[in-house]
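Chemist: Curious how this folds, go ahead:
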Amino acid sequence: MAAEGSGKSPGAISAQLLRGQKALVTGANSGIGKATAIALGRAGADVVVNYVVGADEAEKVVAQIRDLGVRAYAHEADVSDEDQVVAMVAKMVEEFGTIDIMVANAGLQRDAPVTEMTMAQWRKVIDVNLTGQFLCAREAAKEFERRGVVQEVSRAAGKIICMSSVHQIIPWAGHVNYASSKGGVGMLMQTLAQELAPRKIRVNAVAPGAIRTPINKDAWDTPQAEADLLKLIPYHRVGDPDDIANAVVAMASDLLDYVVGATLYVDGGMTLFPGFATGG
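Modeler: Below is the predicted model:
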């Protein structure tokens with residue numbers, strides 16, 4: 001499940017936490033990506049707002065980030081296209097001098113029962129949700145390796161944060177392409193973390209549960225729908241995009257410098273399988 005910005009201002013984020021760092025957030029013109037890009041700016045980072053459609057919304061996000069006193073610009077690129085990802089990171093290095101934080105957030109759904117799912121639906125979700133994260137991580141890692149650690153900026157040479165989902169571990173009937181992509185993200189992240197950690201590059205994942213966003217509006221937009229959804233959430237509230245954004249900021253900061261290869265589930269306990277709370 002994915003998400004739209006709540007507009008809440010999380011005052012707990014220090015404007016010094018990521019001061020001087022440069023971040024790129026894919027799929028940042030709406031939902032979780034938008035909230036994350038703004039939160040990174042609030043923490044002091046300069047931010048590239050990636051989008052593939054919705055230029056007007058991307059520019060609005062850029063304006064909000066600039067109002068926080070940091071730099072930002074929007075960049076149109078399809079993360080499933082290798083040439084576009086290479087060009088996007090190269091442009092960021094040209095504009096900001098480097099990249100310190102890559103948040104591979106862009107994702108989508110193309111839902112259908114397995115017997116009706118087309119190859120186009122399967123490929124589109126895998127290409128964006130999984131291959132897109134690989135391409136973004138690869139290009140960021142190249143720059144991290146080139147630059148190395150700059151102690152006054154961060155203890156790490158760079159941070160890659162993969163946006164996963166509770167469906168990294170929870171099967172989801174009718175969404176085999178999406179669940180497979182997120183399961184793949186989990187292993188992609190761990191393998192990258194294992195390979196890159198000796199080079200002082202931290203790779204981790206944040207896995208949202210049910211978050212109030214347009215992509216899953218039908219699941220929470222009516223009292224009955226929300227009541228049904230809350231049966232799956234032990235903490236008994238639907239998450240907001242800022243819940244995810246705050247987790248990303250923490251994961252990108254030196255506060256969690258010793259966290260490597262971990263998935264942080266931000267889900268109100270959904271992965272506790274609440275259906276078994278009474279013994280199954």
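Chemist: After the helix or strand bottoming out on mean pLDDT in the chain, heading C-terminal, what element do we hit next?
Modeler: Lowest on mean pLDDT, DSSP states H and E among the helices and strands of the chain sits helix 223-230, with a mean of 87. Where DSSP states H and E defines the elements, the next helix or strand beyond helix 223-230 is helix 241-252.
Chemist: What helices and strands are in contact with that following helix?
Modeler: Contact here means 3 or more C-beta pairs under 8 Å, 6 or more residues apart in numbering; DSSP states H and E; on that basis helix 241-252 packs against helix 31-42, strand 101-104, strand 158-163, strand 201-208, strand 263-266. All C-beta spots, glycine's among them, are computed from the backbone N, C-alpha and C.
Chemist: out of these, nearest to residue 139?
Modeler: Of all the helices and strands packed on helix 241-252, it is strand 101-104 that lies closest to residue 139, at 8.1 Å by C-beta to C-beta.
Chemist: Centre of the chain to the closest one, how far?
Modeler: Offset of strand 101-104 from its chain centre (C-alpha atoms, centre = their mean, to the nearest Å): 7 Å.
Chemist: Just the CA trace of whichever helix or strand comes after it, in CSV.
Modeler: Sequence order places helix 119-126 as the next helix or strand after strand 101-104, per DSSP H and E. Output of helix 119-126 as CSV, limited to C-alpha atoms (Å, rounded to 0.1, in the frame of the first residue of the first chain):
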residue,chain,number,x,y,z
MET,A,119,2.7,-9.4,-19.5
ALA,A,120,2.5,-5.7,-19.9
GLN,A,121,1.1,-5.4,-16.4
TRP,A,122,3.7,-7.7,-15.0
ARG,A,123,6.6,-6.0,-16.7
LYS,A,124,5.6,-2.5,-15.9
VAL,A,125,5.5,-3.1,-12.2
ILE,A,126,8.7,-5.1,-12.1
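Chemist: what number of residues lie near the nearest residue to residue 277 once chain neighbours are set aside?
Modeler: Distances taken as C-beta to C-beta, 6 or more residues apart in numbering place residue 234 nearest to residue 277, at 7.2 Å, with adjacent residues excluded. Around residue 234 there are 15 other residues, counting by other C-beta atoms under 10 Å.
Chemist: next one: residue 194
Modeler: Counted by other C-beta under 10 Å, the residues lying close to residue 194 total 12.
Chemist: For the helix or strand containing it, name the packing helices and strands.
Modeler: Assigned by DSSP H and E, residue 194 belongs to helix 176-196. Helix 176-196 makes packing contacts with helix 119-126, helix 132-147, strand 158-163, strand 201-208 when contacts are defined by 3+ C-beta pairs under 8 Å, 6+ apart.
Chemist: For my notes, please list those in TSV and give mean neighbour count for each entry.
Modeler: Rendered in TSV, the data for the helices and strands packed on helix 176-196 read as follows (neighbours: other C-beta atoms under 10 Å):
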stretch	mean neighbour count
helix 119-126	15
helix 132-147	21
strand 158-163	27
strand 201-208	26
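Chemist: mind checking how far stretch 172-180 is from the chain centre?
Modeler: That offset, for stretch 172-180, works out to 19 Å (C-alpha atoms, centre = their mean).
Chemist: surely residue 102 meets residue 134?
Modeler: No. Judged on C-beta atoms under 8 Å, residue 102 makes no contact with residue 134 at a distance of 11.6 Å.
Chemist: Tell me which of the helices and strands packed on helix 176-196 lies nearest to residue 95.
Modeler: Closest approach to residue 95 among these is made by helix 132-147 (12.8 Å; C-beta to C-beta).
Chemist: Pull the number of nearby residues for residue 72.
Modeler: Residue 72 has 26 nearby residues by other C-beta under 10 Å.
Chemist: give me every residue that touches it.
Modeler: Residues in contact with residue 72 (C-beta atoms under 8 Å, 6 or more residues apart in numbering) are 37, 41, 46-49, 61-62, 65-66.
Chemist: In JSON lines: the helices and strands packed on helix 241-252, plus mean pLDDT.
Modeler: Formatted as JSON lines, the helices and strands packed on helix 241-252 follow (pLDDT from 0 to 100):
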{"stretch": "helix 31-42", "mean pLDDT": "98"}
{"stretch": "strand 101-104", "mean pLDDT": "98"}
{"stretch": "strand 158-163", "mean pLDDT": "98"}
{"stretch": "strand 201-208", "mean pLDDT": "98"}
{"stretch": "strand 263-266", "mean pLDDT": "98"}
